[in-house]
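Novice: missing the sequence, but the structure's below:
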């Protein structure tokens, strides 16, 4: 089967630079639910697409149990959010197939019609960085909250994001979710996206499960997307404005030993720190962490951004041309956050780093929504009138 590719909308880099400008008083709406929303990466991407497509954005429900995430989310989306749940969702949603609880009935009534349900269940239990409980972790069960929410809210389109390793979970969360979605009438497909391939400067891979009652929307594959712009750090970071009084532009205090290591990289025009310059915990034993203590390159994307991006000992996070680790603002750009996004409601730089690193890159939902819009307009005979998402985007 041949697949159309994205080719005619604002590039990701241009999209992140556009000001916050949502249509008001229009005739078309985009009503979304964002579960495990974190700082709101997927909502930000949907907002960017809504702005470009001229849609009234409405967040009918967002939910997360992290208080700093809630503060950041509400601060950025207060104009368009209707309802917020600040609680552990495993205590809210019943097992798949159960009768609706009073709480679930209230959530369904409050949310009303939903065009798109987005969710990024906690991925730490599946991550390759988790060597202790990976593939058998209580947090893995939280994935099942999402198909239960689909069962209750009946959205037109569903996006579930997680790490690629999720397909190997002992609980078989992906296959059980796909089977359940099949049983309630949702076509579904799964793809793995490398974000540097869709235009952002980061080699981050994620597993995406897409579902819809319209089979056309699940024809999306990893080859549906193509880079819309230069995905190098040079293109994405060199025009960033620095604000000396902003917490987002502060750098971590660097130890004397690490400053010596940074100076060595620059003095010798190196990007990988030689083993003899590493601390004993790395130097004196075999390791595969070549990128740790490394320097980023202007002409390449970054590695996956983790919450340790403020420390050279946590990965390849030294700035390409400045003798320091990257700042939070630079990490936001690498993640594809729009420039209008702020963390004014969060006081802790440690929390901000975690929220940035744990966020779903907004370009995911932006690209998918833009692709759906192209699918609808290029396949008018395949549009199913009962599908509200078609009506809103067409």
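Specialist: Sure, I can see it. In this text the structure is predicted, and so the values were computed from the model without any measurement.
Novice: burial measure for residue 276, as a count.
Specialist: Residue 276 has 6 neighbours, counted by other Cβ atoms under 10 Å. All C-beta atoms are positioned from the backbone trio N, CA, C, and that covers glycine.
Novice: and it, helix, strand or coil?
Specialist: helix (DSSP: H, G, I helix; E, B strand; the rest coil).
Novice: phi, psi for residue 192 please.
Specialist: phi -110, psi 120 (degrees, to the nearest 10).
Novice: was I right about it contacting residue 205?
Specialist: Yes - counting by Cβ atoms under 8 Å, residue 192 does reach residue 205; the two are 5.9 Å apart.
Novice: and those two? Which one has more around it.
Specialist: In this view residue 192 and residue 205 are compared by other Cβ under 10 Å, and residue 205 has more residues nearby, 16 against 12.
Novice: tell me how far the more buried one lies from residue 338.
Specialist: Note on residue 205: its distance to residue 338, by Cβ to Cβ, to the nearest Å, is 22 Å.
Novice: next one: residue 150
Specialist: From residue 150 to residue 338 the distance is 27 Å (Cβ to Cβ).
Novice: same check, this time on residue 65
Specialist: With distances taken as Cβ to Cβ, residue 65 is found 25 Å from residue 338.
Novice: comparing these two, which residue is more hemmed in?
Specialist: Taking neighbours as other Cβ under 10 Å, residue 65 and residue 338 compare with residue 338 leading, 22 against 15.
Novice: show me what contacts that one?
Specialist: 15, 16, 17, 18, 20, 44, 47, 48, 362 (Cβ atoms under 8 Å, 6 or more residues apart in numbering).
Novice: tell me which two in those are the farthest apart.
Specialist: Across the contacts of residue 338, no pair lies farther apart than 17 and 47, at 14.2 Å, counting by Cβ to Cβ.
Novice: so where do the strands sit in this structure?
Specialist: Using DSSP state E, the strands assigned to the chain run over residues 29-35, 56-63, 84-85, 116-119, 157-162, 187-194, 205-212.
Novice: could you dump those strands into a markdown table and include distance to residue 250 and mean pLDDT?
Specialist: Below are the strands of the chain laid out as a markdown table (distance: least, Cβ to Cβ, whole Å; pLDDT from 0 to 100):
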| stretch | distance to residue 250 | mean pLDDT |
| --- | --- | --- |
| strand 29-35 | 29 | 95 |
| strand 56-63 | 29 | 94 |
| strand 84-85 | 29 | 92 |
| strand 116-119 | 31 | 98 |
| strand 157-162 | 29 | 97 |
| strand 187-194 | 31 | 94 |
| strand 205-212 | 29 | 96 |
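Novice: of all those strands, which lies closest to residue 221?
Specialist: When the strands of the chain are compared by Cβ to Cβ, strand 187-194 sits nearest residue 221, at 5.7 Å.
Novice: what pairs with the closest one, parallel or antiparallel?
Specialist: strand 205-212 (antiparallel) (DSSP bridges).
Novice: quick one: the strand it pairs with to strand 157-162, angle?
Specialist: Orientation check (axes from the mean of the first three to the mean of the last three Cα atoms, to 10 degrees): strand 205-212 against strand 157-162 gives 160 degrees.
Novice: mind listing what's buried along strand 205-212?
Specialist: 205, 206, 207, 208, 209, 210, 211, 212 (16 or more other Cβ atoms under 10 Å).
Novice: pLDDT score for the nearest residue to residue 271 once chain neighbours are set aside?
Specialist: Leaving aside its chain neighbours, residue 271 sits nearest to residue 295 (4.6 Å; criterion: Cβ to Cβ, 6 or more residues apart in numbering). We note a pLDDT of 98 for residue 295 in this prediction.
Novice: hey, what's residue 295 bridged with?
Specialist: Assigned bridge partners for residue 295, using DSSP bridges, are residue 318.
Novice: quick check, it in contact with residue 322.
Specialist: No - between residue 295 and residue 322 there is no contact under Cβ under 8 Å: 10.1 Å.
Novice: neighbour-wise, which of the two wins?
Specialist: Using other Cβ under 10 Å as the criterion, residue 295 and residue 322 rank with residue 295 on top: 22 against 13.
Novice: and that one, how close does it get to residue 256?
Specialist: Distance of residue 295 to residue 256, given as Cβ to Cβ: 18 Å.
Novice: before we move on, back to that, compare residue 17 and residue 47 (neighbour count), which wins?
Specialist: Per other Cβ under 10 Å, whichever of residue 17 and residue 47 has more neighbours is residue 47, with 29 against 14.
Novice: now the residue nearest to that one when sequence neighbours are not counted: how far from residue 48?
Specialist: Of all residues not flanking residue 47 in the chain, residue 57 sits nearest, at 5.5 Å (Cβ to Cβ, 6+ apart). In this view, residue 57 and residue 48 are 10 Å apart by Cβ to Cβ.
Novice: same check on residue 295?
Specialist: Going from residue 295 to residue 48 by Cβ to Cβ gives 31 Å.
Novice: kindly report the same for residue 268.
Specialist: Residue 268 is 41 Å from residue 48, by Cβ to Cβ.
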